[in-house]
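Participant: Return a 3D structure for these sequence lines:
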Amino acid sequence: MIGRMTQPYQAFNCFCREAFDPSDEIRFKKHIILCKEFQKHSPITQFFNNMKLDQLTLLDLQIIRAELELKLEEVRTYAEIQESGGFENGGTKEELIPCNSCNGLKEMNEMIFLETCIHSFCKKCLVKLIVTSMKEGKEALCISCNQPINEFEKKMIIGEEEYNRLMDEISFSGFQTTTCCQCNNMFVFEAGSVQGNLKDDFGNLLTKEKEMHYANNRFKCPNCHIEQCRKCKTTPYHLGKTCEENQKHKESKLCKYCEEPIERLASGMIDVCDRPDCVIKIKDACKKVLQCGHSCSGFHGENHCLPCLHQDCSKAVAPLLNGQTGDDYCIICGVERIVNAPCIRSSCGHIFHLHCITTRIVKRWHRPRIVFNFCSCPLCKKWLEFPPESALNTKMLEYTRLFEDIKRKSMERLKYEKRDQDERLVTKGDAYYQKPVEYAIAIYSYYECFKCKKPYFGGLKRCEDLMQEDSKNESFKPEELVCAECSSVGITLQNCPKHGKDYIEFKCKFCCSIATWFCWGSTHFCESCHKRQCEGDYVSKYTKDKLPKCTGKNSCPLKVDHKGNGEEFALGCALCRNLVNSHDF
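Facilitator: Below you'll find the model as predicted:
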């Protein structure tokens, strides 16, 4: 015996002959752990020392642990009985029922009696028996009489949800299965195949090891459509990294721009690495540190920093970001998150990569006709305005002046051509109802002169559309876009002292009629020739000898001497001409 405790709180006499009250549990346990005499003479301690636990297999250790847990439960039961006065003081052994598996004594309400054989088990043992049997594909049998436990009892004992989950496992047995980390949907996993052309986020081809990892672990749940890794349950799948590399990546401090572990910090930065691509971005970046401790994501030289775009501050600054977050992808490039490059914010509140919005504005329009779509916010369509200290503000002021100039000229032409009462302007429900400015800008085409860089009138918009269709959308040559003043046509122009050259009237290039159409920024048509051109009779392709010959000033409908048909000729300012004597100028 280790010692004697014949009555509760009786002194404990250790092998070292020290006696103390065992109700002092802390001192009691500490003494047992530290006392060398106790370790030397205790039969239980000696028993475990002889077992050499450090040399046992995992399975052996698991079995021993399970047995000890059962015996510990039994010891606790008898200790509680002794503390309550023992069996002789009112308690009876019949009030506690032994489990047929672990032999532990339990109260009646803690036991389960099987319907088929009435043998009793504690719930813990019975659940373990049923779950183990189902996982091994065996029938669950009572360990006392080998009678099978029916399916209804199994479901009631382990719970319907766990029972259904185990049944799904059984139905998938023999297959490679996986479970979605989002919706817990279980399904059969089939390894994919790779073609040797997979690339990581930086455009580098994956190694064979990474390709195999992708094929054997990457999947998209057929139920919730979430992409994930079958092995480590990361969403989305960590393309270009193994699970171990991805875990190390997440635990490392990452560069704000390239999102790779920082090996060396770039000069003057607290969260950007010194990789070449990141160093290039730093040149345009604000290097200030915000009050929250994160670096500013704005541009170099800004007077007022952007709200913090770091994910840790996203909730606090959400009301200031107009629905955007640093984790959103740039609406222009669509390949990097907003926080991955220096940014700038328009007056409408939306944030863009500085490089992306600058490229968009510098490229301007991509067809001959001047349009201003690039001047509008891609998200809310408001006219872009930037902080006055930014270079973009200077560019936008330049385009604002250009827009106002074209708007003025378009409205003057709309009134001169008496189109300010066109059907679309007076028809309710039309997109241009009572919107003459928008209508004028929409129907008239203006081009930028390659030489003087000023806008000039180029005809109605539908003429340009026909030109694009006829040329099969070939790219235009900017050097061919020249205004009347800078072109060969401009040599014959007489500048109107009142209206300049905006309203100079031309003859049709192909006959002796007044031109009403100016197409492609270079060619004047009368109504008749224009109609023929649009219907497929391409008068613009006729040689001069195929065009009608002018019979001279006296018989010419224009009553003027002019160049031969096939060449451009200016007649003078249309606004200043005497319409009554229209043939005498």
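
Participant: Go through stretch 265-276 and flag the buried ones.
Facilitator: Buried residues in stretch 265-276, counted by 16 or more other C-beta atoms under 10 Å: 266, 269, 271-273, 275. (Each C-beta comes from the backbone N, C-alpha and C, glycine too.)

Participant: Pull the most distant pair out of these.
Facilitator: Across the buried residues of stretch 265-276, the longest distance by C-beta to C-beta is 13.1 Å; it joins D271 and R275.

Participant: For these two, list the residues in contact with both.
Facilitator: C255 (C-beta atoms under 8 Å, 6 or more residues apart in numbering).

Participant: burial of K29, as a residue count?
Facilitator: 11 (other C-beta atoms under 10 Å).

Participant: Just give me how far the helix or strand hosting it sits from the chain centre.
Facilitator: In the assignment (DSSP states H and E), K29 maps to helix 25-34. Centroid separation for helix 25-34 versus its chain: 59 Å, with C-alpha atoms, centre = their mean, to the nearest Å.

Participant: by contact count, what packs against that helix?
Facilitator: Contacts defined by 3 or more C-beta pairs under 8 Å, 6 or more residues apart in numbering; DSSP states H and E place helix 25-34 against strand 19-20.

Participant: Can you pull out the residues in contact with the strand it packs on?
Facilitator: With contact meaning C-beta under 8 Å, 6+ apart, strand 19-20 is reached by 11-13, 27-28, 31.

Participant: Now that strand: average pLDDT?
Facilitator: Averaging pLDDT along strand 19-20 gives 75.

Participant: In the sheet, which strands lie alongside it, parallel or antiparallel?
Facilitator: Note on strand 19-20: by DSSP bridges, its sheet partners are strand 12-13 (antiparallel).

Participant: How far does the strand it pairs with sit from its chain's centre?
Facilitator: Worked out by C-alpha atoms, centre = their mean, strand 12-13 lies 70 Å from the chain centre.

Participant: the strands in the stretch 351-500 of the chain, which residues?
Facilitator: Secondary structure of the stretch 351-500 of the chain by DSSP state E, counting those that start in this stretch: the strands cover 351-353, 444-448, 455-460.

Participant: Give me the contact list for the first one.
Facilitator: For strand 351-353, contacts defined as C-beta under 8 Å, 6+ apart pick out 306, 309, 321, 324, 330-333, 336, 338, 340-346, 378.

Participant: How about P557: what's its closest non-neighbour residue?
Facilitator: C512 (5.2 Å; C-beta to C-beta, 6 or more residues apart in numbering).

Participant: any idea which helix or strand carries the one you found?
Facilitator: Applying DSSP H and E, one finds C512 in no helix or strand.

Participant: got it, and D168?
Facilitator: Using DSSP H and E, D168 falls in helix 160-171.

Participant: Given the helix or strand following that helix, what are its sheet partners and their directions?
Facilitator: For helix 160-171, the succeeding helix or strand toward the C-terminus, using DSSP H and E, is strand 177-179. Strand pairing for strand 177-179, determined by DSSP bridges: strand 186-188 (antiparallel).

Participant: which residues touch whatever helix or strand comes next after the partner strand?
Facilitator: Following strand 186-188 in sequence order, the next helix or strand is helix 208-217 (DSSP H and E). For helix 208-217, the surrounding residues in contact (C-beta under 8 Å, 6+ apart) are 191-194, 196, 198, 200, 206, 229-231, 237, 239-243.

Participant: Quick one: buried ones out of the residues you listed?
Facilitator: For the contacts of helix 208-217, buried by 16+ other C-beta under 10 Å: 198, 206, 229-230, 237, 239-243.

Participant: What mean pLDDT does the helix or strand where F47 lies get?
Facilitator: If you go by DSSP H and E, F47 is part of helix 43-51. Mean per-residue pLDDT for helix 43-51: 80.
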